[in-house]
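Undergrad: give me a 3D structure for the following:
(2 chains)
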Protein chains: 2
Amino acid sequence: MQRTVFFISDSTGITAETIGNSILAQFEGVQFEKHRLPFIDDAHKAEAAALRIKTRYAQTGQRPIVVNTMASRDLCEIVAESGALMLDVFAPFIGPLEDELGAKRSGMVNRSHGLVDFDKYEARINATNYALSHDDGLDVDYAQADLILVGVSRSGKTPTCLYMALHYGVSAANYPLTDDDLDKLELPVRLRPYKDRLFGLTIDAQRLAQIREQRRANSRYATLEQCRWELAQADKLMRREGIPNLNTTHVSIEEIASKIFDRFGIERTMF
Amino acid sequence: MQRTVFFISDSTGITAETIGNSILAQFEGVQFEKHRLPFIDDAHKAEAAALRIKTRYAQTGQRPIVVNTMASRDLCEIVAESGALMLDVFAPFIGPLEDELGAKRSGMVNRSHGLVDFDKYEARINATNYALSHDDGLDVDYAQADLILVGVSRSGKTPTCLYMALHYGVSAANYPLTDDDLDKLELPVRLRPYKDRLFGLTIDAQRLAQIREQRRANSRYATLEQCRWELAQADKLMRREGIPNLNTTHVSIEEIASKIFDRFGIERTMF
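TA: Next up, the predicted model:
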């Protein structure tokens, strides 16, 4: 079974898409064809969206599903004329919150992604710059790091650092374990003062070899043997030094970040 | 007025936080103190969470608000014993979707962030590597770029490219306009074949000077005069070449990305 889903928003559509994906993932047997329609903020655009949804309805013979975060009742009604199943993301929560807070909603939707708080913007940009300039382990001072990820090459350190920076303003550095570290089973001297901020990423050898093969085909670097050796040594090193770590093979970047924050008791909320 | 909010999840808590922030932002007069409690997936953790919420209730004398994406009814009931206002993010949508799809939910929540699809993972990692290696405009081949952002230094190109890569698997390169380009009002020769993939970022001069001052205090680079000149020349160049562009001063990274995708008709959905 396949169904068409439209994420509709008067802003970026990120909230509609995030919750929509979470809900749809709970229906495992169904294939969803997903479309994002952001910035639907006037009647003209709403009519165009409705026409598109209606067209898809006619083409597939299946009623499309709309996950909606538009604030305006009028725009919602225009889109609803397409005949789609309308799921309004905010409606169920506004009433209980208005009662609880004794205040009316302001009608501004998606402000969290719409307007910019300069301080927060700076925090995420500064953290991103930090992650970019503390990414290779070379000649790096770790004093300002909130966290330092260690692991063998291609274990997922860089994207995780960038994600934590962009979304949480966390300054995460990244130290790739070298053959020398792995031979000696010792951390480099300049990491030692920051041992309580270290977190290790590991990965299954097979998967690592596959990723490295993509990167440098037919290299020694990508052989299963080399991957196995590096991972075994890294594991020994992390156990010896008591570095908490996580196998990232089946874990998304979002989940890696959440687990690291959880481990360090970091409760920062996202931007 | 200040209220405490807990985002509770049996997984990362990203969905709870995204929708929670969007809903709370609609109540402008209220200050919210926000906490994220991810990975609440057994009775022991749920009891600890409930105790924490109850403690905050007692300390503040105000009923806390819980935004919840836990799948288990039992765990929800444990947390509800704290006395908080419980907002269940999924409950309102499951019934209508079960009816529409003629299928029962599988009970797996947050799979969208929980499990990893290797192909998608590779797409986002490859795009991130692409953004990292096509970031400085030096000696770069743009043939594989989905998009190329142009603009003066510190106009927001790098974080936007990284965001689009990490979240949408879009390979975005980034070309910082040089004084030479701005003097001549000409694009470098190697960008010209890809003119239809160019997008410009601009920013208010005052804001740019402020950002640059943070970066390189008391430099000519950070003077308002230099910023004004660069931005005026960049504006002329983009108008002459017909490059679509966006002023990023008051716009979040999420919104910049959404607007760029919208302009190019890219409808890719996020990871």
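
Undergrad: next, residue A:103: phi, psi?
TA: The phi/psi pair for residue A:103 (degrees, to the nearest 10) reads phi -140, psi 150.

Undergrad: so it sits against residue B:24, correct?
TA: No: the criterion here is CB atoms under 8 Å, and residue A:103 misses it with residue B:24 at 11.4 Å. Heads up, the C-betas are built off the backbone N, CA and C, glycines and all.

Undergrad: overlap in contacts, these two.
TA: Taking CB atoms under 8 Å, 6 or more residues apart in numbering or on different chains as the criterion, residue A:103 and residue B:24 both touch residue B:30.

Undergrad: and the two? Which one has more around it.
TA: Using other CB atoms under 10 Å in any protein chain shown, the more surrounded residue of residue A:103 and residue B:24 is residue B:24, with 22 against 15.

Undergrad: the more buried one and chain A, how far apart?
TA: Residue B:24 sits at a distance of 8 Å from chain A (criterion: CB to the nearest CB, to the nearest Å).

Undergrad: just the helices in chain A please.
TA: A:14-24, A:43-60, A:73-80, A:91-101, A:111-114, A:118-133, A:157-168, A:179-184, A:205-215, A:224-241, A:253-264 (DSSP state H).

Undergrad: so how far is the first one from its chain's centroid?
TA: Pointing back at helix A:14-24 there. 13 Å (CA atoms, centre = their mean, to the nearest Å).

Undergrad: give the contact list for the residue in the stretch 151-271 of chain A that chain B sits nearest to.
TA: Closest contact between the stretch 151-271 of chain A and chain B, by CB to the nearest CB, is at residue A:258 (3.9 Å). With contacts defined as CB under 8 Å, 6+ apart, residue A:258 is in contact with B:11, B:12, B:13, B:14, B:38, B:39.

Undergrad: okay, the residue nearest to the fifth one when sequence neighbours are not counted: pLDDT?
TA: Nearest non-adjacent residue to residue B:38, counting by CB to CB, 6 or more residues apart in numbering or on different chains: residue B:13, 3.9 Å away. At residue B:13 the predicted local confidence, pLDDT, stands at 88.

Undergrad: residue B:13 against residue B:35, yeah?
TA: No: assessed by CB under 8 Å, residue B:13 is found out of contact with residue B:35, at 9.9 Å.

Undergrad: who has more neighbours, those two?
TA: Taking other CB under 10 Å, residue B:13 and residue B:35 do not tie; residue B:13 has more neighbours (31 against 19).

Undergrad: for that one, give me its contacts.
TA: Counting by CB under 8 Å, 6+ apart, residue B:13 touches A:258, B:7, B:36, B:37, B:38, B:39, B:69.

Undergrad: likewise residue A:178?
TA: residue A:137.

Undergrad: what distance do you get for it to residue A:215?
TA: 17 Å (CB to CB, to the nearest Å).

Undergrad: per-domain residue ranges of chain A.
TA: Listed domain ranges for chain A are A:2-113, A:118-264 (source: automatic domain parsing).

Undergrad: quick one: closest of the ones you listed to residue B:196.
TA: Closest approach to residue B:196 among the domains of chain A is made by domain A:2-113 (21.5 Å; CB to CB).

Undergrad: any regions of the stretch 1-150 of chain A where pLDDT drops low?
TA: Residues of the stretch 1-150 of chain A that meet the criterion pLDDT under 70 lie in A:107-116, A:139.

Undergrad: from residue B:38, how far out is the residue of the stretch 151-271 of chain A closest to chain B?
TA: Remark: distance between residue A:258 and residue B:38 (CB to CB) = 5 Å.

Undergrad: equivalent analysis for residue A:25, please.
TA: The spacing between residue A:25 and residue B:38, counted by CB to CB, is 17 Å.

Undergrad: if you count what's nearby, which of the two comes out ahead?
TA: Neighbours per residue, other CB under 10 Å: of residue A:25 and residue B:38, the larger number sits with residue B:38, 24 against 20.

Undergrad: who's in contact with that one?
TA: Taking CB under 8 Å, 6+ apart as the definition, contacts of residue B:38 comprise A:258, A:261, A:262, B:9, B:11, B:12, B:13.

Undergrad: can I get the buried part of those as one PyMOL selection?
TA: Command for PyMOL that selects the buried part of those, burial taken from 16 or more other CB atoms under 10 Å in any protein chain shown:
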select buried, (chain A and resi 258+261+262) or (chain B and resi 9+11+12+13)
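
Undergrad: redo the contacts of residue B:38 as a markdown table? Include distance to residue B:63.
TA: Output for the contacts of residue B:38, formatted as a markdown table (distance: CB to CB, whole Å):
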| residue | distance to residue B:63 |
| --- | --- |
| A:258 | 27 |
| A:261 | 27 |
| A:262 | 26 |
| B:9 | 21 |
| B:11 | 26 |
| B:12 | 26 |
| B:13 | 21 |
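
Undergrad: which one of the contacts of residue B:38 sits closest to residue B:50?
TA: Nearest to residue B:50 among those: residue B:9, at 14.7 Å, using CB to CB.

Undergrad: so who does the closest one touch?
TA: Residue B:9 makes contact with B:15, B:16, B:37, B:38, B:39, B:40, B:68, B:69, B:70, B:109, B:110 under the criterion CB under 8 Å, 6+ apart.

Undergrad: repeat that for 7 Å
TA: By CB atoms under 7 Å, 6 or more residues apart in numbering or on different chains, the contact set of residue B:9 is B:16, B:38, B:40, B:69, B:70, B:110.

Undergrad: from the residues you listed, pick the one nearest chain A.
TA: residue B:38 (4.9 Å).

Undergrad: the residue lying closest to residue A:194 once chain neighbours are set aside: how many residues sit nearby?
TA: Among residues not flanking residue A:194 along the chain, residue A:142 sits closest, at 4.9 Å (CB to CB, 6+ apart). Residues lying near residue A:142 (other CB under 10 Å) number 19.

Undergrad: isn't residue A:142 right up against residue A:196?
TA: No: look at residue A:142 against residue A:196 with CB atoms under 7 Å: they stay out of range, at 11.7 Å.

Undergrad: format the contacts of residue B:13 as a markdown table; extra columns: distance to residue A:245.
TA: Listed next are the contacts of residue B:13 as a markdown table, based on distance: CB to CB, whole Å:
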| residue | distance to residue A:245 |
| --- | --- |
| A:258 | 15 |
| B:7 | 26 |
| B:36 | 22 |
| B:37 | 23 |
| B:38 | 18 |
| B:39 | 17 |
| B:69 | 27 |
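
Undergrad: which one of those is nearest residue B:134?
TA: Residue B:134 lies nearest to residue A:258 out of the contacts of residue B:13, by CB to CB, at 29.3 Å.

Undergrad: any idea how far the closest one lies from residue B:2?
TA: Using CB to CB, one gets 26 Å for the distance from residue A:258 to residue B:2.

Undergrad: show me what contacts the nearest residue to residue A:260 once chain neighbours are set aside?
TA: Spatially, and ignoring its direct neighbours in sequence, residue A:260 is nearest to residue A:199 (5.3 Å; CB to CB, 6+ apart). Contacts for residue A:199 (CB under 7 Å, 6+ apart) come out as A:147, A:149, A:243, A:244, A:245, A:260, A:263.

Undergrad: perfect, I'm done here.
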